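# turn this into a structure:
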Amino acid sequence: MVKFSRRGFMIGGAAVGGTLALGVGFLASVDTDGLKSSIGSDGVVNLNAWLTIHPDGQIVFSIPRNEMGQGVFTSLPMLIAEELEIDLNSPDVSVVHPTENLPVYTNFVLALRKRPEMISGVGDWVGKKIFGLVPYIATGGSSSIVDAYTPLRRVGATAREMLVSAAAKTWGVAVNDCYVENAQVFHRPSGKSAGYGELAAAAAKETPNKSPKLKPASDFKLIGTPQPRIDIPSKTRGEAMFGIDTMLEGMLFAAVVQSPVLGGTVVSFDDSEARKIKGYRKTVDMGDGVAVVAENSYYAKKAAALVKVEFDTHGNEKLNSALISGMLHTALESGETHVFEETDGFDAAMAAGDILEATYEVPYLAHACMEPMNAAAVIKDGHAEIWASTQTPVSMQWAAERNIDGLKSVVGHTTLSGGGFGRRVEGDMVVHAVKVAVAMPGIPVKTIWSREEDIQHDMYRPAVVAKIKAAIGGDGRPSAIDYKVALQSVGLSFSRRNMPFEDGGLTDPGSVEGAHHMPYDIPAKRVSNANIDIAVPVGSWRSVGHSFNGYFVESFIDELAVNAGVDPMLYRLGLLAGHKRMTVLVEKLAELSRWGAPTAKAVGRGIALHPSFRSFTGQVIDISLDDDGAVKIDRVTCVIDCGQTVNPDTVAAQMESGIIFGLTAAMYGEITIEDGRVQQSNFPDYKMLYMRQIPEIKVHIMDSSELPGGVGEPGTPPIFPALANAYFDMTGKRLRSMPLAKHGVEFA
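Next comes the predicted model:
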């Protein structure tokens, strides 16, 4: 979800303490293995960066990826536990977000855009060390399992060897005569055993093996099997702590009032009326808005509503949805273009066939996380402590460094998140909390955005316009395709807000992800984009570029099938020649959805396929009309090939979640702008699906021994075109823009 240019980072990153100038010797000291052990004064052993073992046998997994409902507090420990033979359901097992930003916690898949198994050579070694210096710790891009699969299994296997070696030395026996089971080491000949808690201190003195022997897949006991979520019991009991649950002794609360016009900054404010509210403490100028501090959140919100703020709008009040749409269409037709992919002889291929052309458009979308943006902080004598439900824990360090004079230390607590979807990769809510805490020295303050502030000051999925043209051969198949999109660059917008350098812009690969290197066998291709640069903040939204490019590509493929008079699924199979994994997936999708079976009148079926985040997904959606003529979403059949699964229950849940998330946006989702202001403010006008509207969802996971792909986002892109294609199948009307409700479509 977050895209970085390695070249851009390493050039701009030279400013990070001048570290590059310190040379290879300094970089070598950056620990990107995390296998070192330490023993605390209380006897607690940190066997490595992820595993803490107490003398009484308690085992704590430190998981640096944010648990925001996607199940990483279970799936990532499973990788370590598999090699260590630990029962995750044991009451002695717990999982925490670490408070230290260790280099080894860096998400190297996001940073280097490579699987760990593919990282090799001097360039990657240097890249790992530099990103570890930041350290770039982030949850996103459906990368958690991809990034952890081999490294965390190696962590578990290394710990296993250390514990076995410690036991063998203690007993004076051969290592090969020992084995592990249920968090214990056993000696086969004598039957002796010792728990990990008894052995941890001795194991910590062993030299870790960086290349331990990993289990073969045939011996897996946990990986690939459904496991209950470790975080669910505490959530169902109401014990789980999300950011918004943070409570500290003497805590005050702050409500924020940001510029109604996007990009506005504070000129002055009058808080005389707010001061009259019971519990009022202070009004803080944050630059992009004000925060009102009070004894509780009710008083803070009440007082904030009474503050009169004058903003400098910087001319952004001229922005509106119609203007932005016009800018996108103009950029598409005549703006500066960057070509990401062009086949030799493309122009000749386009001129050799009949042309089919279509233009598509999608709007801005908000994240609308269940837990609105918030963070808490206390700052005293240069020492900062921060609590945040964030996808980037390092944002707490950065916020403190940029806003606290005389900073001496920072302790950041990553909490559970009530949804993320890319919104919590941003640091704005943490910056607000730090600025408020600076104004209230020594007093903990929790800063909470209202739902209205959350929706009207989001980092939106960009509005996009696409034009696609294909040259059609005599067989009805495309011999060439010209694909172009116009939008704001997510990478540029994000880097301006969060990084010490700019990245992205016209060459931002995220703009065409999902269209660049599409899986279909089309002899000639050109994929390009154009940009507009305006004050609407855009950011990562679940599946990012795939969310709109998936809609454009699969809608157009459907139009090609109709034009050829060929069944849409058979047409796709014909274009997938040579793509074995997707071909097998489509065949399974046809079987499970009963594609081709007779359907009742006024029933529509739509299909869409999409590869994203190293996984392959196909969906069929069945819709119908109720007695009042409203569209009812009856059923979604989803097949995913995500390689080796870790926890299949998580995979299925993520597919269901992604489908519902996408359906909401496809049916209703739209952020509109008038006079520079976002018009939507809460769920009545930024509608979510009702539970009664959720269709039956059938998920099938393909059996695969390939390396794992991501699952957090791949369920979302196909549902947009599948729904649009089903609507065409039922009505004969091709809707080339989202949401469908905008076209007068009513949903049951």
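
# where do the strands sit along the stretch 51-200 of the chain?
Per DSSP state E, counting those that start in this stretch, the stretch 51-200 of the chain carries strands over the ranges 51-53, 59-62, 93-96, 178-181, 184-187, 193-195.

# center of the protein, which residue is that?
residue 140 (3.1 Å; CA atoms, centre = their mean).

# that one and residue 398: what is the separation?
Going from residue 140 to residue 398 by CB to CB, to the nearest Å gives 16 Å. In this view, the C-beta of every residue, glycine as well, is placed from N, C-alpha and C.

# also residue 725?
Look at residue 725 and residue 398: by CB to CB, they are 44 Å apart.

# next: residue 99.
For residue 99, the distance to residue 398 - CB to CB - is 16 Å.

# now swap in residue 366 and tell me
24 Å.

# for residue 500, same thing?
9 Å.

# next: residue 127.
For residue 127 relative to residue 398 (CB to CB), the value is 20 Å.

# the particular helix or strand that has residue 530 in it packs against which elements?
Assessed by DSSP states H and E, residue 530 sits inside strand 524-531. Contacts defined by 3 or more CB pairs under 8 Å, 6 or more residues apart in numbering; DSSP states H and E place strand 524-531 against helix 321-334, strand 338-342, helix 346-351, strand 478-487.

# can I get the ones you listed in JSON lines with mean pLDDT?
Shown next, in JSON lines, are the helices and strands packed on strand 524-531 (pLDDT from 0 to 100):
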{"stretch": "helix 321-334", "mean pLDDT": "98"}
{"stretch": "strand 338-342", "mean pLDDT": "98"}
{"stretch": "helix 346-351", "mean pLDDT": "97"}
{"stretch": "strand 478-487", "mean pLDDT": "98"}
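
# would you mind finding the most buried of these?
strand 478-487 (a mean of 25; mean count of other CB atoms under 10 Å).

# please save the CA atoms from that strand in CSV.
In CSV, the C-alpha atoms belonging to strand 478-487 read as follows (Å, rounded to 0.1, in the frame of the first residue of the first chain):
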residue,chain,number,x,y,z
PRO,A,478,-7.5,-8.0,-28.9
SER,A,479,-4.3,-7.8,-30.9
ALA,A,480,-3.4,-4.6,-29.1
ILE,A,481,-4.5,-2.6,-26.1
ASP,A,482,-3.9,1.0,-25.2
TYR,A,483,-4.5,1.7,-21.5
LYS,A,484,-4.2,5.1,-19.9
VAL,A,485,-5.3,6.6,-16.6
ALA,A,486,-5.4,10.1,-15.1
LEU,A,487,-5.2,10.7,-11.4
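
# that strand to strand 524-531, inter-axis angle?
Per axes from the mean of the first three to the mean of the last three CA atoms, to 10 degrees, the angle that strand 478-487 makes with strand 524-531 is 10 degrees.

# sort out which residues of the very next helix or strand once past strand 478-487 are buried, please.
Sequence-wise, the next helix or strand downstream of strand 478-487 (DSSP H and E) is helix 490-498. Buried residues in helix 490-498, counted by 16 or more other CB atoms under 10 Å: 490, 491, 492, 493, 494, 495, 498.

# per-residue confidence at the nearest residue to the second one once chain neighbours are set aside?
Counting by CB to CB, 6 or more residues apart in numbering, the nearest residue to residue 491 once its immediate chain neighbours are dropped is residue 504, at 2.4 Å. Looking at residue 504, its pLDDT stands at 94.

# ok, residue 504 touching residue 498?
No: taking contacts as CB atoms under 8 Å, residue 504 lies outside contact range of residue 498: 11.8 Å.

# for the stretch 51-200 of the chain, which segments count as helices?
Ranges of helices in the stretch 51-200 of the chain, per DSSP state H, counting those that start in this stretch, are 72-84, 108-112, 121-133, 144-171, 196-203.

# which helices and strands does the first one pack with?
Read it as helix 72-84. strand 59-62, strand 93-96, helix 144-171.

# next, the angle helix 196-203 makes with that helix.
70 degrees.

# again with the fourth one
Between the axes of helix 144-171 and helix 196-203, defined by the same axes, to 10 degrees, the angle is 80 degrees.

# which parts of helix 144-171 are buried?
For helix 144-171, by 16+ other CB under 10 Å, it's 144-168, 170.

# in contact with residue 505, which residues?
489, 491, 492, 531 (CB atoms under 8 Å, 6 or more residues apart in numbering).

# what's the nearest residue to residue 70 once chain neighbours are set aside in contact with, if anything?
Closest residue to residue 70 apart from its sequence neighbours, by CB to CB, 6+ apart: residue 712 at 5.2 Å. Contacts for residue 712 (CB under 8 Å, 6+ apart) come out as 70, 142, 144, 542, 613, 654, 658.

# equivalent analysis for residue 65, please.
72, 76, 107, 139, 144, 148.

# go again with 10 Å.
72-73, 75-76, 97, 105, 107, 137-140, 143-145, 147-148, 391, 393, 414 (CB atoms under 10 Å, 6 or more residues apart in numbering).

# residue 122: neighbour count?
8 (other CB atoms under 10 Å).

# quick one: contacts for it?
So residue 122 contacts residue 24 (CB under 10 Å, 6+ apart).

# mind checking what helix or strand follows the helix or strand in which residue 666 is found in sequence?
Assigned by DSSP H and E, residue 666 falls within helix 648-667. Note on helix 648-667: by DSSP H and E, the next helix or strand toward the C-terminus is strand 673-674.

# could you say what helices and strands that following strand packs with?
helix 321-334 (3 or more CB pairs under 10 Å, 6 or more residues apart in numbering; DSSP states H and E).

# centre of the chain to the helix it packs on, how far?
How far helix 321-334 lies from its chain's middle: 28 Å, per CA atoms, centre = their mean, to the nearest Å.

# just stretch 719-737 next, same as before
27 Å.

# please apply the same query to stretch 141-149.
11 Å.

# re earlier: who's in contact with the residue nearest to the centre of the chain?
Residue 140 neighbours (CB under 10 Å, 6+ apart): 1-2, 65-66, 68, 107, 110, 391-392, 420-422, 424-425, 540, 542, 544, 710, 712-713.
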